[in-house]
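*Asks:* Pasting a predicted model and its sequence here:
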Amino acid sequence: MFNYASVIAVLLVVSTACAFPTRSGSQVKHIWGETTRGAPLAGAPAQCPNSDPQTQQVTRLRQLANRIAQSNGDTFQGALDMSQMCIGVNAAWSNIDARTQPEVKTVMFSPSMLMIAQNDDELAAVLSHELAHVTLQHAGFGEAPPRASLDPDFADAQARASALQSEIAKLAKMGGRDKEIFALSEQFAQLQKSMNERIDAIYGEKNAHLSWFEQEADEVGAEFFVKAGFKKEFYLSMLWRSSTASVEDYQKCQKLIEAALQQPGSAARPERGNKVHPTTCWRAFHLKVDEWSHAHASEIGTLGSR
Ligand SMILES: [Zn+2]
């Protein structure tokens, strides 16, 4: 989970009309070891709003965070050293929740998220995912998923959108330029639409532009998680535990996953959904089938034999 206010404001303006086959595999898998993006965030968090750094819950989270960081030393160093991050618990949150503010390297849990985790592995699953949002600096508007930034059409549209945004901001400051602002906003929306369609095409899946952040946080978070020696099955059990899916949803999904493992490539894929988080079944399927059984089976195998 992640604060997407700025992303949603921009991206929900449009929805794509393109249809993609649901059988195709996700064409984008993260590159093992590529766990950061952009210039490192300088400086420690301005404030760590922990109620009390000495509480048992915070101590437990920090211990897990240190284990993840030590096993992923290439990532968690310098500006991303664990001493530079805030890992805390917000006692005022009543929902099952964990939130990240990548710009201030802060990850906050609700007390109930800690309570539903059945063991350290399950808690580390959520923590790894949130830490991936920090290391990947998921900041919202202006970001492109890994392959889109290499796509000339996408890069061109992104540069033009960014220029338009500056122009709109300039006109807004002047005042009384509503007509021009309206016209430029229309152009901006068109560009955004074409960028979103490009992302969906690159990922080979409808609505990928809505949830590629969360896909990437799962992929990179799961890499942190397995490198720290946590058990993969608990990443999946925590996904289900923190979701609102029914037992039937779960059982149906297990069948899809089993079929895909038995007949790679020809089995049906679950729906990605049209939310900021892909559906729980999509996330479980993507990790277990795409990431762990295909894309990164050999890297994970090497870890197992150490
Ligand atoms: Zn997330």
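*Replies:* Yep, it's here. Residues are numbered from 1 along each chain as shown.

*Asks:* I'd say residue 259 and residue 269 touch.
*Replies:* No - between residue 259 and residue 269 there is no contact, the gap being 10.2 Å when judged by Cβ atoms under 8 Å. All C-beta atoms are positioned from the backbone trio N, CA, C, and that covers glycine.

*Asks:* Between those two, which has more neighbouring residues?
*Replies:* Between residue 259 and residue 269, residue 269 has the larger neighbour count (other Cβ atoms under 10 Å), namely 20 against 14.

*Asks:* Assumed residue 100 was part of a strand.
*Replies:* Yes - under DSSP: H, G, I helix; E, B strand; the rest coil, residue 100 falls within a strand.

*Asks:* Distance of it relative to the ion?
*Replies:* 7 Å (Cβ to the ion, to the nearest Å).

*Asks:* pLDDT score assigned to that residue?
*Replies:* Looking at residue 100, its pLDDT is 93.

*Asks:* what does the one 3 residues further on give?
*Replies:* What the model reports as pLDDT for residue 103 is 87.

*Asks:* for the one 10 residues further on, same thing?
*Replies:* In the prediction, the pLDDT value recorded for residue 113 is 96.

*Asks:* Would you double-check that it falls in a helix?
*Replies:* Yes - according to three-state DSSP, residue 113 belongs to a helix.

*Asks:* wait, isn't it in contact with residue 127?
*Replies:* No - under the criterion of Cβ under 8 Å, residue 113 makes no contact with residue 127, lying 9.7 Å away.

*Asks:* Near the ion, which residues of the stretch 201-306 of the chain are found?
*Replies:* 214, 217 (Cβ under 5 Å from the ion).

*Asks:* can we see that at 8 Å?
*Replies:* Within the stretch 201-306 of the chain, the positions near the ion by Cβ under 8 Å from the ion are 213, 214, 217, 218, 277.

*Asks:* How many neighbouring residues does residue 297 have?
*Replies:* The burial count for residue 297: 11, using other Cβ under 10 Å.

*Asks:* can you start the count at 324 instead of 1 from here on
*Replies:* Happy to do that; since the first residue is 324 now, the last one works out to residue 620.

*Asks:* Which residues are in contact with the residue lying closest to residue 500 once chain neighbours are set aside?
*Replies:* The shortest distance from residue 500 to any non-neighbouring residue, by Cβ to Cβ, 6 or more residues apart in numbering, is to residue 494 (4.2 Å). Listed by Cβ atoms under 8 Å, 6 or more residues apart in numbering, the contact set of residue 494 reads 500, 503, 504, 507.

*Asks:* try 7 Å
*Replies:* 500, 503, 504 (Cβ atoms under 7 Å, 6 or more residues apart in numbering).

*Asks:* now swap in residue 590 and tell me
*Replies:* So residue 590 contacts 579, 582, 583 (Cβ under 7 Å, 6+ apart).

*Asks:* For the strand or helix carrying the first one, list the C-alpha coordinates in PDB.
*Replies:* Secondary-structure assignment from DSSP states H and E places residue 579 in helix 570-585. Included here for helix 570-585 are C-alpha records, laid out as PDB according to Å, rounded to 0.1, in the frame of the first residue of the first chain:
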ATOM      1  CA  VAL A 570     -12.100 -18.800   0.500                       C
ATOM      2  CA  GLU A 571     -13.700 -19.500  -2.900                       C
ATOM      3  CA  ASP A 572     -11.500 -16.800  -4.500                       C
ATOM      4  CA  TYR A 573      -8.500 -18.300  -3.000                       C
ATOM      5  CA  GLN A 574      -9.300 -21.900  -4.100                       C
ATOM      6  CA  LYS A 575     -10.100 -20.800  -7.600                       C
ATOM      7  CA  CYS A 576      -6.800 -19.000  -7.700                       C
ATOM      8  CA  GLN A 577      -4.900 -22.000  -6.500                       C
ATOM      9  CA  LYS A 578      -6.300 -24.000  -9.400                       C
ATOM     10  CA  LEU A 579      -5.200 -21.300 -11.900                       C
ATOM     11  CA  ILE A 580      -1.700 -21.400 -10.400                       C
ATOM     12  CA  GLU A 581      -1.500 -25.100 -10.400                       C
ATOM     13  CA  ALA A 582      -2.700 -25.300 -14.000                       C
ATOM     14  CA  ALA A 583      -0.100 -22.700 -15.100                       C
ATOM     15  CA  LEU A 584       2.700 -24.600 -13.300                       C
ATOM     16  CA  GLN A 585       1.700 -27.800 -15.000                       C
END
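
*Asks:* Show me what it is packed up against.
*Replies:* helix 603-608 (3 or more Cβ pairs under 7 Å, 6 or more residues apart in numbering; DSSP states H and E).
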